[in-house]
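S.K.: this is the structure alone, sequence omitted:
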Ligand SMILES: O=C(CO)[C@H](O)[C@H](O)COP(=O)(O)O
């Protein structure tokens, strides 16, 4: 299972600093949606230039104009880009078409899809995405009683390649691996840690 760090900071120096602190222990460097909105698509190029040996993931969460937005990320140097799994099928198809053109990959982010999630995961998988990200966003995580258990159960049932995002920590990452995820995404557990390097190292260790 790969470890993906979500660089959920809002300025480029902070993103470069965090990437530098954790790169040794992670496989994928994700530019979080707020970072891209704050800095612009050029942030993708800056992270890729600093870490050409890492997969760079642009979390655009595209909701429309899939081909155009995915192409922007790939032109900037992204290896993977997200499109909303809740978007129109043609938006997902458009992003996938851009992926084929650039030889890069598209991930369907299932954030906000809660009802019939397994059925929608299977539908978007057929549209040609590399994998789906089964995801509880920060607002959902903040609700009382939140756990990642339903994400893991849907991953087990879906029967397609998936990643998990939703507040993964050192005490839950092994369950993510055991559910069969190809990628575990961790944001807050790393960027909120007193020592992000140690946090990334510990997550990688618990995922092994
Ligand atoms: O895309 C995101 C929020 O929409 C986050 O990057 C993702 O949820 C990972 O961060 P965390 O581990 O803090 O949940």
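M.R.: Yes, it's here. No experiment lies behind these values; they were computed from the predicted model shown.
S.K.: strands of the chain, residue ranges please.
M.R.: 2-7, 28-31, 55-62, 80-84, 105-109, 131-135, 162-165, 183-186 (DSSP state E).
S.K.: can you tell which of the ones you listed is closest to the ligand?
M.R.: strand 2-7 (3.2 Å; CB to the nearest ligand atom). For the C-beta atoms, the positions are set from N, CA and C on the backbone; glycine is no exception.
S.K.: could you check how far the residue lying closest to residue 161 once chain neighbours are set aside is from residue 143?
M.R.: Leaving aside its chain neighbours, residue 161 sits nearest to residue 131 (3.8 Å; criterion: CB to CB, 6 or more residues apart in numbering). Counting by CB to CB, to the nearest Å, the separation of residue 131 from residue 143 is 26 Å.
S.K.: the two: who's more crowded?
M.R.: Ranked by neighbour count (other CB atoms under 10 Å), residue 131 and residue 143 place residue 131 first, with 20 against 8.
S.K.: hmm, back to that, roughly how far does the residue nearest to residue 161 sit from residue 46?
M.R.: Note on residue 131: its distance to residue 46, by CB to CB, is 26 Å.
S.K.: now residue 191
M.R.: Taking CB to CB, one finds residue 191 at 17 Å from residue 46.
S.K.: same check on residue 102?
M.R.: Distance, residue 102 to residue 46, using CB to CB: 19 Å.
S.K.: do the same with residue 189
M.R.: Going from residue 189 to residue 46 by CB to CB gives 24 Å.
S.K.: comparing these two, which residue is more hemmed in?
M.R.: More neighbours surround residue 189 than the other of residue 189 and residue 46, with 22 against 19 (other CB under 10 Å).
S.K.: so the more buried one touches residue 204, yeah?
M.R.: No: when contacts are counted by CB atoms under 8 Å, residue 189 is not listed as touching residue 204 (11.7 Å).
S.K.: who does the longest helix seen in the chain touch, helix- and strand-wise?
M.R.: Ranked by number of residues, the top helix in the chain under DSSP state H is helix 89-102. If contacts are counted by 3 or more CB pairs under 8 Å, 6 or more residues apart in numbering; DSSP states H and E, helix 89-102 sits against helix 66-76, strand 80-84, strand 105-109, helix 117-126.
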